[in-house]
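1. Coordinates only, no sequence provided:
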C-alpha cells in the first residue's frame with residue numbers, strides 16, 4: 001500500500017491524505033476479515049465484522065470527502 005504514494009503524492013493537499021487513508025483501510029481489510037473469521041465457526045461474525053468495518057470507514061470517509069469538497073469549492077479566495 002505504501003507504493004501507492006508514488007501516485008497519490010501528485011494530488012493536491014487533502015486529497016492526497018484522503019486517498020492514502022482510503023488505500024490503507026482497503027489494504028487492512030483482508031487482515032480484519034481473517035480476525036473476524038477466526039472468532040466463530042459460522043460466517044455470521046465475519047459478515048458482521050465486514051459490514052461494521054466498511055460502514056464505519058465509509059461513513060467517516062464520506063464526511064471527510066464532503067468536507068474537502070466544501071473547502072475546495074465553497075471557500076472564498078483570499
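-> Sure thing, it's come through. Given the structure is predicted, the values throughout are model-derived calculations rather than measurements.
2. Going by C-alpha atoms from here, please, whenever you check contacts or count neighbours.
-> Will do.
3. I'd say residue 24 and residue 1 touch.
-> Yes. In this structure, residue 24 is within contact of residue 1 by CA atoms under 8 Å, at 6.5 Å.
4. Find residues that contact each of these two.
-> When CA atoms under 8 Å, 6 or more residues apart in numbering defines a contact, no residue borders residue 24 and residue 1 alike.
5. which residue ranges form the helices in the chain?
-> Per DSSP state H, the chain carries helices over the ranges 5-8, 15-39, 44-74.
6. Report all helices and strands that the second one contacts.
-> Applying 3 or more CA pairs under 8 Å, 6 or more residues apart in numbering; DSSP states H and E, one finds that helix 15-39 makes contact with helix 5-8, helix 44-74.
7. need the least confident one among the ones you listed, by mean pLDDT.
-> Of all those, mean pLDDT reaches its minimum on helix 44-74 (a mean of 79).
8. burial of residue 19, as a residue count?
-> 19 (other CA atoms under 10 Å).
9. right, and it touches residue 6 too?
-> No. Counting by CA under 8 Å, residue 19 sits too far from residue 6 to count as a contact (11.8 Å).
10. and the one residue sitting closest to the centre of the chain, how far is that from residue 16?
-> The chain has residue 22 as the residue nearest its centroid, 3.1 Å off, counting by CA atoms, centre = their mean. Distance of residue 22 to residue 16, given as CA to CA, to the nearest Å: 10 Å.
11. try residue 73
-> Taking CA to CA, one finds residue 73 at 17 Å from residue 16.
12. and the two? which has more neighbours close in?
-> Neighbour comparison, residue 73 and residue 16: the larger count goes to residue 16, with 16 against 9 (by other CA under 10 Å).
13. which ones are touching that one?
-> 8, 9, 10.
14. Can you name the residues that contact the last one?
-> Okay, so that is residue 10. Shown in contact with residue 10 (CA under 8 Å, 6+ apart): residue 16.
15. One more pass at 6 Å, please.
-> By CA atoms under 6 Å, 6 or more residues apart in numbering, no residues touch residue 10.
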